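Asks: sharing a model that was predicted from the sequence below.
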Amino acid sequence: MTGLFPAAIDRHAVAVDDGRTRITFGELERNVAAWVRLLREELGLAPGDHVAAHLRNRAEYVELVLAAIAGGLWITPVNWHLTPEEIAYVLDDAGVRCVFVDAETGGADPRFVDLDALRGRLSRTPPALDLGAEPGGTMIYTSGTSGRPKGVKRAKAKTLGAALEAMRAGGVRFGLDGRGPHLITGPMYHAAPLLFAIYDLLNGAEVLVMRRWDTHEALRLLAERRVRHVHLVPTMMARLHRLPREVREAFDPSALELVLHGAAPIAPSLKRAMIAWWGPVLVEYWGATEGGIYTLVTSEEWLPREGTVGRPIPSFRVFAVGEDGRRLGPNEIGTLYCEHVSEARPFVYHRDPAKTDASYLAPGVFTAFDLGHVDEEGYVYLSARRSNLILRGGVNVYPAEVERVLSAHPGVADVAVYGVPDDDLGERVHAAVETASGVEASADLAAAILDEASKHLARFKLPERITFVRRIPRTEAGKLRRDDLLRALEEERA
């Protein structure tokens, strides 16, 4: 191999198609090499520097991410739903040198550079990529109990050639063997839709990019383009399954070979219905930004073991630990831990060595912050979600972050943000508020709190309902007593 792709891949075939722009494998290979030269010579970026992509879904997104990896840069995809304040925090914390934007996402930040203007200056005769150079990587931001997002850097290969081989091998492990087309349905600032597509692409799959999710358009593309591989979150599957019966019956799923799904729990009834409709092509995974994918389960494995998220992939071992720190046996519920079989530190938090150190129980061993158990066959079951996480339509909402903003309002003495089960989104964001002394609870106060919060939080993080309670129940250590809160909420509704 002398470039991005193995020699057997047809350089004239389409590699990425978003409905407006088509890029062949040969063009993509040449453009990535040209980007590396431009990033170094015109923008003055050096290996190890940080950049960001603040872009809507488009074909060039794939090109830019591959160029950053090939150029030794850390690239952070930015969630376009974030407020200017939230975006500024991510960019400042990451220490980015430049942010790639387009006509839809541009702004006044001096670090913003226009992707299309730069792309027009790409050399048509760039030097070949140096596969022996140190690669870059993606640095995805995820929140935690502190309420502030943290950049996650996963361990990477020593050379670009080794990194490309690892991504190809990872693709094959997940069923992304290059037998496309592969359809991107979700926002490319999320690790799963972006990286799964890149793994498949590097193995030779054509990648189709949906610029935004639309249920009818997704079904049309799946049918007309004979899509083989796609990643969905349960909310998308719920909306597809709610299409009129005649629309569902007219769809031919025979081309589908792999439907990866994760990011949020799926109702067993919905999963069985999707398997009945599309066949046993659903493959569920369990993972996180920090460590990637920990487990996989096929439809055939899942059907007799309803609720499992599968067995660990070869890179990991998974086990449960009790409150006393004892490793638990089969079917005993505890905190789930993951152990990487070869990496002492499969990830670190950017600029936060203390948080990194605190994440590891032992070299290579870290918790996924989920409760669950492992059965006699090694299948993992989740019994509770992360206590500090709400999964809304497959998107993470961290109560600590929302609580920090809501509590800044002068009418709020204390606040607890929690998820409410929802058939469509999985969970919806609600908040319980204890008013400050002398402040009367009212609909106007709730509206004022949300109005102020909307200046600092993306819309999907805002509570859809505020319930006022006399007191937020907490332990002496300040921890929320969730059961007591739920009882208080029931009393208020009564």
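Replies: Done, it's in.

Asks: dump the worst-scoring helix or strand of the chain on mean pLDDT to PDB, restricted to CA.
Replies: The weakest-scoring helix or strand in the chain, judged by mean pLDDT, DSSP states H and E, is helix 482-493 (a mean of 78). Taking C-alpha atoms only, helix 482-493 is exported to PDB below (Å, rounded to 0.1, in the frame of the first residue of the first chain):
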ATOM      1  CA  ARG A 482     -33.200  10.100  43.600                       C
ATOM      2  CA  ASP A 483     -35.900   7.900  45.100                       C
ATOM      3  CA  ASP A 484     -36.900  10.600  47.500                       C
ATOM      4  CA  LEU A 485     -36.900  13.100  44.600                       C
ATOM      5  CA  LEU A 486     -39.300  10.900  42.600                       C
ATOM      6  CA  ARG A 487     -41.600  10.700  45.500                       C
ATOM      7  CA  ALA A 488     -41.500  14.400  46.000                       C
ATOM      8  CA  LEU A 489     -42.400  14.900  42.300                       C
ATOM      9  CA  GLU A 490     -45.400  12.500  42.700                       C
ATOM     10  CA  GLU A 491     -46.600  14.500  45.700                       C
ATOM     11  CA  GLU A 492     -46.300  17.800  43.700                       C
ATOM     12  CA  ARG A 493     -48.300  16.200  40.800                       C
END
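
Asks: what about R211, how many neighbours?
Replies: When neighbours are counted by other C-beta atoms under 10 Å, R211 registers 17. For glycine as for every other residue, the C-beta is placed from the backbone atoms N, C-alpha and C.

Asks: isn't it right up against R56?
Replies: Yes: R211 lies in contact with R56 (C-beta atoms under 8 Å); the separation is 6.4 Å.

Asks: which one is N331 nearest to, not counting chain neighbours?
Replies: H373 (5.3 Å; C-beta to C-beta, 6 or more residues apart in numbering).

Asks: which element is that neighbour on?
Replies: Using DSSP states H and E, H373 maps to strand 365-374.

Asks: which strands and helices sit next to that strand?
Replies: strand 316-321, strand 334-340, strand 380-384 (3 or more C-beta pairs under 8 Å, 6 or more residues apart in numbering; DSSP states H and E).

Asks: mind checking which of those is nearest A273?
Replies: strand 380-384 (20.8 Å; C-beta to C-beta).

Asks: return the set of buried residues in the closest one.
Replies: For strand 380-384, a neighbour-count test (16 or more other C-beta atoms under 10 Å) marks V380, Y381, L382 as buried.

Asks: and if you look at stretch 253-267?
Replies: P253, L256, L258, V259, L260, H261, G262, A263, A264, P265, I266.

Asks: from those, which is closest to E427?
Replies: Nearest to E427 out of these is A264 (C-beta to C-beta; 8.0 Å).

Asks: show me what contacts that closest one?
Replies: By C-beta atoms under 8 Å, 6 or more residues apart in numbering, the contact set of A264 is V233, P234, T235, L391, G393, G394, G426, E427.

Asks: in three-state terms, how would the residue nearest to it when sequence neighbours are not counted be classified?
Replies: Excluding the flanking residues, the one nearest A264 by C-beta to C-beta, 6+ apart is L391, at 4.1 Å. The three-state assignment at L391 reads strand, by DSSP: H, G, I helix; E, B strand; the rest coil.

Asks: report the beta-bridge partners for L391.
Replies: Beta-bridge partners of L391, counted by DSSP bridges, are N396.

Asks: surely it touches A263?
Replies: Yes: contact criterion C-beta under 8 Å: L391 and A263 qualify, at 7.1 Å.

Asks: helices - which of the contacts of A264 land there?
Replies: By the criterion of DSSP state H, membership of those in helices covers P234, T235.

Asks: tabulate the contacts of A264 (TSV), appending pLDDT.
Replies: Shown next, in TSV, are these (pLDDT from 0 to 100):
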residue	pLDDT
V233	90
P234	86
T235	82
L391	82
G393	87
G394	80
G426	88
E427	90
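
Asks: what two of the contacts of A264 are the furthest from one another?
Replies: Distances among the contacts of A264 were taken as C-beta to C-beta; the most separated pair is V233 and E427, at 12.3 Å.

Asks: so which of these two has more stuff around it?
Replies: More neighbours surround V233 than the other of V233 and E427, with 24 against 19 (other C-beta under 10 Å).

Asks: now do the contacts for that one.
Replies: Neighbouring residues of V233 by C-beta under 8 Å, 6+ apart: G186, H261, G262, A263, A264, G393, G394.

Asks: now render the residues you listed as a markdown table, adding secondary structure and distance to V65.
Replies: A markdown table is the format used below for the contacts of V233 (DSSP: H, G, I helix; E, B strand; the rest coil; distance: C-beta to C-beta, whole Å):
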| residue | secondary structure | distance to V65 |
| --- | --- | --- |
| G186 | coil | 15 |
| H261 | strand | 22 |
| G262 | coil | 20 |
| A263 | coil | 19 |
| A264 | coil | 24 |
| G393 | coil | 24 |
| G394 | coil | 20 |
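
Asks: list the buried residues in stretch 27-36.
Replies: Residues E27, L28, E29, R30, N31, V32, A33, A34, W35, V36 are the ones in stretch 27-36 that count as buried (16+ other C-beta under 10 Å).
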